[in-house]
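J.: with the sequence up front, the predicted model follows.
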Amino acid sequence: MFSLLRGLWDYFFRREEYYILIIGLHNAGKTTFLEQTKRLFISNYNGMPLEKITATVGLNIATVDIRSHRMILWDLGGQEDLQQLWDKYYGECHGVVYVVDSCDTENLITSKNVLIKAMKHQDLQEAPLLILANKQDRQDALPLTQLEATLDTNSATIGGRDCKIQRVSALQGEGVKEGIEWLFNRVNESSRRLPKLRDND
Ligand code: G3D
């Protein structure tokens, strides 16, 4: 009887929460992506102008609700010294968004190595991974095929996890909804780490 009542309580008053990390090199477009996600998924959200976004020093957080679940997105600073702090968040995380600047050919290999290092961390084993090939609105953006070839994501480099590379323009909002929906579905279907249960507010 108790478990029945408990189940009913949970069903009506509790919400499943997923924690998502947004990482990538500095300037890749992480905060712009977070801001567009808020605009798309939070009704009546009055966003700040995208050109007013400044460098992330600590962390930016967004909470979005999708089909009676909640996603808490953590946008972490990408400067080299801040990358050391990322793994403090891995233990809680259900899925990862990794943002790549498709125009920054100079740092593409660095970005790839940073991605691989993160994916090899034991706390991120099998965490679904959404790679965003960002800034695709720009003329000088590398095409997806070239980015895919350079990043060369395979089970030897990123482990056996769900992974998708998505073309996006965080600035224009293109591909943002598709990316978030894909990641939500992957973490929701995954039995790797159970969602946190939180009372509805
Ligand atoms: P970060 O959080 O990864 O450090 P930001 O990156 O979101 O702060 O973005 C860094 C710069 O890239 C910003 O320009 C931002 O407008 C730009 N940017 C982000 N996403 C896109 C995109 O999809 N297309 C284009 N063209 N630019 C993008 P500034 O000039 O403010 O440095």
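T.: Now that the structure is in, tell me what you want to look at.
J.: going forward, measure contacts and count neighbours with C-alpha atoms only.
T.: Fine.
J.: and Pro195, what does it touch?
T.: By CA atoms under 8 Å, 6 or more residues apart in numbering, the residues touching Pro195 are 16-18, 94.
J.: one more: Asp162?
T.: Taking CA under 8 Å, 6+ apart, we find Asp162 in contact with 126-129, 186.
J.: tell me where this protein has strands.
T.: Under the criterion DSSP state E, strands of the chain are mapped to 14-24, 59-66, 69-76, 95-101, 129-134, 163-167, 196-199.
J.: closest one to Asn46 among the ones you listed?
T.: strand 59-66 (13.3 Å; CA to CA).
J.: measure how buried the closest residue to Arg14 other than its chain neighbours is and give me the count.
T.: Using CA to CA, 6 or more residues apart in numbering and skipping residues adjacent in sequence, the residue nearest Arg14 is Asp199, 4.2 Å away. When neighbours are counted by other CA atoms under 10 Å, Asp199 registers 11.
J.: who in the chain is up against the ligand?
T.: Proximity of the chain to the ligand (CA under 6 Å from any ligand atom) is limited to residues 26-32, 51, 53-56, 134-135, 137-138, 169-171.
J.: which among those end up buried?
T.: With neighbours counted by 16 or more other CA atoms under 10 Å, the residues of the chain next to the ligand contain buried members at 26-32, 56, 134-135, 169-171.
J.: any idea how far the closest residue to Ile61 other than its chain neighbours lies from the ligand?
T.: Among residues not flanking Ile61 along the chain, Trp74 sits closest, at 4.8 Å (CA to CA, 6+ apart). Here the criterion is CA to the nearest ligand atom, to the nearest Å. By it, Trp74 lies 11 Å from the ligand.
J.: what residues are bridge-paired with Trp74?
T.: Counting by DSSP bridges, Trp74 forms beta bridges with Leu21, Ile61.
J.: can you give me the helices for this protein?
T.: Remark: helices assigned in the chain by DSSP state H are 2-13, 30-41, 80-83, 87-90, 108-120, 144-151, 155-158, 176-189.
J.: quick one, which of the ones you listed is packed in tightest?
T.: Highest mean neighbour count among the helices of the chain (mean count of other CA atoms under 10 Å): helix 30-41, with a mean of 22.
J.: what's near enough to touch the residue most central in space within the chain?
T.: Geometric centre of the chain, nearest residue: Val97, 2.6 Å, by CA atoms, centre = their mean. Going by CA under 8 Å, 6+ apart, Val97 touches 20-23, 129-132.
J.: ok, Thr31 next?
T.: Contacts for Thr31 (CA under 8 Å, 6+ apart) come out as 53, 56, 60, 75.
J.: any idea which of those is least confident?
T.: Across those, no position has a lower pLDDT than Thr56, which has 71.
J.: contact partners for that residue?
T.: Thr56 touches 31, 76-78, counting by CA under 8 Å, 6+ apart.
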